[in-house]
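In: Give me the fold of what follows.
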Amino acid sequence: MHKLLSIIFILNCLATKAQPGKEAWHWYFGQDCMIDFSSGQAVSGVGNLTNLEGVAALSNANTGQLIMYTNGMTVCNSNNHVMFNGINLYANSSTTQAALIVPKPGSTTLFYVISVDENGHNPNKGVSYSIADITYNNGQGKIILANQPLTPPPTCEKVTAVKHCNGIDYWIITHSYKSDAFNAYLVTSAGINTIPIVSHTGSFVKDTTAVYPSETGYLKASPNGRKLVFAEGYDWGGYFELFDFDNTTGMVSNPINISHANRDGFYGASFSPDNSKVYVTAVDSSIICRIYQYDVSNIMPANIIASEYIVVDSITLGVNYSGSFDALQMAPDGKIYVARYMLDTLSVINNPNAIGAGCNFQLKGLSLSHNTTSQFGLPNFIDANYAGINLNIPDVKQCSAFPNSTLNAGPGFVSYQWSTGQTTDSIIINGPGKYWVTVINKDGCAKTDTVNAYLINPVTKDTNACAIYTANATQNAVLTYNWFDNNTNPIRTFTNSGVYWIDVAYIGGCSIRDTFDVTVNPLPVVNLGADTTFCLGNLPLNAFNPTSVYNWSTGQTTPSITATKANSYWVKVTNQYNCVAYDTLVVHPETSLFNFSIPNIVTPNGDNINDYIDFSKYQFSTLQLEIYNRWGLKVFESNDPSCVWKPNSNDNDGTYFTNIQYRIDCGADSQTKKINNFITLVR
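Out: Numbering: from 1, shown residues only. So this is what the prediction gives:
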């Protein structure tokens, strides 16, 4: 729930600079808001998710392609459809950090969806996890395990994750309510260790009747994984607590209590990409909204307090509480974005590494798309996704000849082992090839980095694409990019086939021109029609496209199928260009059929009105029907659910008695009954 908060920092600064990478390219939040960072800039769009507070999203760390997004209750896949079994997870729309998505180490297809219930929700379900497999249903994805307990209730409304020092595993971190316990769960290729590393440290999160209780607010990690910021809404308590976090052991330690003069309550929080600053959003008891900056490069309390800078103040701006400053989130462009409740813009901190006014706050920094509005929350990402051993030796690219080049793994490790057999921190190479080094730090964590050394090759290649092609000419150590039309952005999109070229000038004087041929092929056109309602039927579904391959949810591979019962039907169509399109049609159960009545009169006089009784319209799955005349003589019998009783000339006027035993199957529901009735025959 959105309440105001005091803040706990968990700190220990390093000089590492990092911001979310491609895994944070796609944001879904608020009321149908979407932001796409794939072009290198924030581009607003319209999403398919509405939530008051906590949400999470994840894209592929290598390609930037959307994988999934969630509000902790419902999980949507990359096609903006609800994932199979992806509903009724244990979160709440008014949970501060309702969700987080954590990749399973060693897998590219399995992901943990962490859900956090609202503390005020009764009964509270604490923190739970579910597992998503994105390979199910031809890439549509499925929740294969749901609502497994992690942190038992009561818990605070927050969750974050930090990359382990080995650069592979993760720590999922929560905090218990009415407690001083931090809970750190280790995630490895074997799964989540549900027995946490528990650190009893810092202030006791109290049970309070305040308007803005203490369980709310954001828990964030610094990019280097060595500190956290814990925003706590304890009735405008007006103090911070500082902690260290050890991403080798999962321990939280070294609390420092620092008083805060304005007695603010805090909600949103984010570190700067270089770990030196922390930003928090706040509201005081007079409902004055602020964003504060603190310099946390020195952990001495007096220095942190003295560094306080008010980035923005709602009184100065004339911004009322409905336009408050809420969640903060670091983005792939190195900026920090600020949620503003019920407004159509986000505020932006453009240079968050800079001190004071140099951070360049912009009140209306990003306009959201038409008919979309920000709410309290922004997506919850793993900001410390690149914590651990920082080893990333750049590839060596030479233009024509290959002179001696140095590969440097950096100082400070206790052990180095190169593929050449050398054990120094750097080596000299004199030719193309693939080189690797394994380093071990003082904590015993090891990491291997591979370096490719080669002469510069073309930056793009001839390609076939579907509907649109994105050419990414981004290279290291580039001075300028210059396309055929004088565009200087390294990333371009093409919707038409053709021959294109780009000139790339590298630092050091090397330049190349790369020419490539793009063929843009059409997508299949698939429209199964509008959703409908029935229990049993014969609805033709046609996905025909010339020279295409079909994969239906039913397992059929024909261009068309017949929908015969309530279900969700989808089709994947792959055309001759290997371009793929999907569509889904849902047949909703017509449960009103359970409340049917059979006519009690029939008039077989040839006027086509009540001449017969057609049992097919009741959509029976099974039927046993017997009809007797008033002398007990059986005049009709059938076990065909589509049978018709039309009295013949030998059937006299009068009363007939029926014995009917049937079953109706409708989606997940069914009805089985035996009924006795009478029918009057009148000519």
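In: Asn303: neighbour count?
Out: The number of residues packed near Asn303 is 13, by other C-beta atoms under 10 Å. Every C-beta, even on glycine, is put in place using the N, C-alpha and C of the backbone.
In: Same check on the one 5 residues further on?
Out: As a burial measure, the neighbour count of Glu308 was computed by other C-beta under 10 Å and equals 13.
In: can you tell me which residues contact it?
Out: Contact analysis of Glu308 by C-beta atoms under 8 Å, 6 or more residues apart in numbering lists Tyr292, Gln293, Tyr294.
In: Could you pull up the contacting residues of Tyr136?
Out: Contacts of Tyr136 (C-beta under 8 Å, 6+ apart): Phe84, Lys142, Ile144.
In: Regarding it, what are the backbone dihedral angles?
Out: Dihedral pair for Tyr136: phi -70, psi 150, per degrees, to the nearest 10.
In: Distance-wise, check it relative to Gln65.
Out: Separation of Tyr136 from Gln65 (C-beta to C-beta, to the nearest Å) stands at 17 Å.
In: now do Tyr500
Out: In terms of C-beta to C-beta, Tyr500 sits 23 Å off from Gln65.
In: And the pLDDT at Cys666?
Out: Here, the pLDDT recorded for Cys666 equals 83.
In: What residues of stretch 504-520 count as buried?
Out: By 16 or more other C-beta atoms under 10 Å, the buried positions in stretch 504-520 come out as Val504, Tyr506, Cys510, Asp514, Phe516, Val518, Val520.
In: let me fix that: stretch 669-681
Out: Buried residues in stretch 669-681, counted by 16+ other C-beta under 10 Å: Gln671, Ile679, Leu681.
In: From Ser649, how far out is the second one?
Out: So that's Ile679. 17 Å.
In: Same check on Thr420?
Out: Distance from Thr420 to Ser649, counting by C-beta to C-beta: 103 Å.
In: Those two: who's more crowded?
Out: Per other C-beta under 10 Å, whichever of Thr420 and Ser649 has more neighbours is Thr420, with 14 against 7.
In: quick one: secondary structure of that one?
Out: Following DSSP: H, G, I helix; E, B strand; the rest coil, we place Thr420 in the coil state.
In: so what's it up against?
Out: In this structure, Thr420 makes contact with Ile427, Ile429, Tyr435, judged by C-beta under 8 Å, 6+ apart.
In: same thing but 6 Å
Out: Ile427 (C-beta atoms under 6 Å, 6 or more residues apart in numbering).
In: Which of the contacts of Glu308 ranks first by neighbour count?
Out: Gln293 (24 neighbours).
In: Tyr500 and Gln65: who's more crowded?
Out: Ranked by neighbour count (other C-beta under 10 Å), Tyr500 and Gln65 place Tyr500 first, with 18 against 12.
In: Which of the helices or strands spans the more buried one?
Out: strand 498-506 (DSSP states H and E).
In: Which positions within the strand or helix carrying Trp436 qualify as buried?
Out: Using DSSP H and E, Trp436 falls within strand 433-440. Buried residues in strand 433-440, counted by 16+ other C-beta under 10 Å: Tyr435, Val437, Thr438, Val439.
In: Which elements pack onto that strand?
Out: On a contact count with 3 or more C-beta pairs under 6 Å, 6 or more residues apart in numbering; DSSP states H and E, strand 433-440 meets strand 415-418, strand 446-455.
In: Tell me the strands beside that strand, with direction?
Out: Using DSSP bridges, strand 433-440 pairs in its sheet with strand 415-418 (antiparallel), strand 446-455 (antiparallel).
In: Could you export it as CSV, CA atoms only?
Out: Backbone C-alpha positions of strand 433-440 (Å, rounded to 0.1, in the frame of the first residue of the first chain) are rendered in CSV as follows:
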residue,chain,number,x,y,z
GLY,A,433,42.4,-15.7,-31.4
LYS,A,434,40.2,-16.5,-28.4
TYR,A,435,41.8,-15.9,-25.0
TRP,A,436,40.4,-16.4,-21.5
VAL,A,437,41.3,-15.7,-17.9
THR,A,438,40.0,-17.0,-14.6
VAL,A,439,40.4,-14.8,-11.5
ILE,A,440,39.7,-15.5,-7.9
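In: Can you give the distance from it to the centre of its chain?
Out: 34 Å (C-alpha atoms, centre = their mean, to the nearest Å).
In: How about stretch 166-178?
Out: The mean C-alpha position of stretch 166-178 is separated from the chain mean by 19 Å, C-alpha atoms, centre = their mean.
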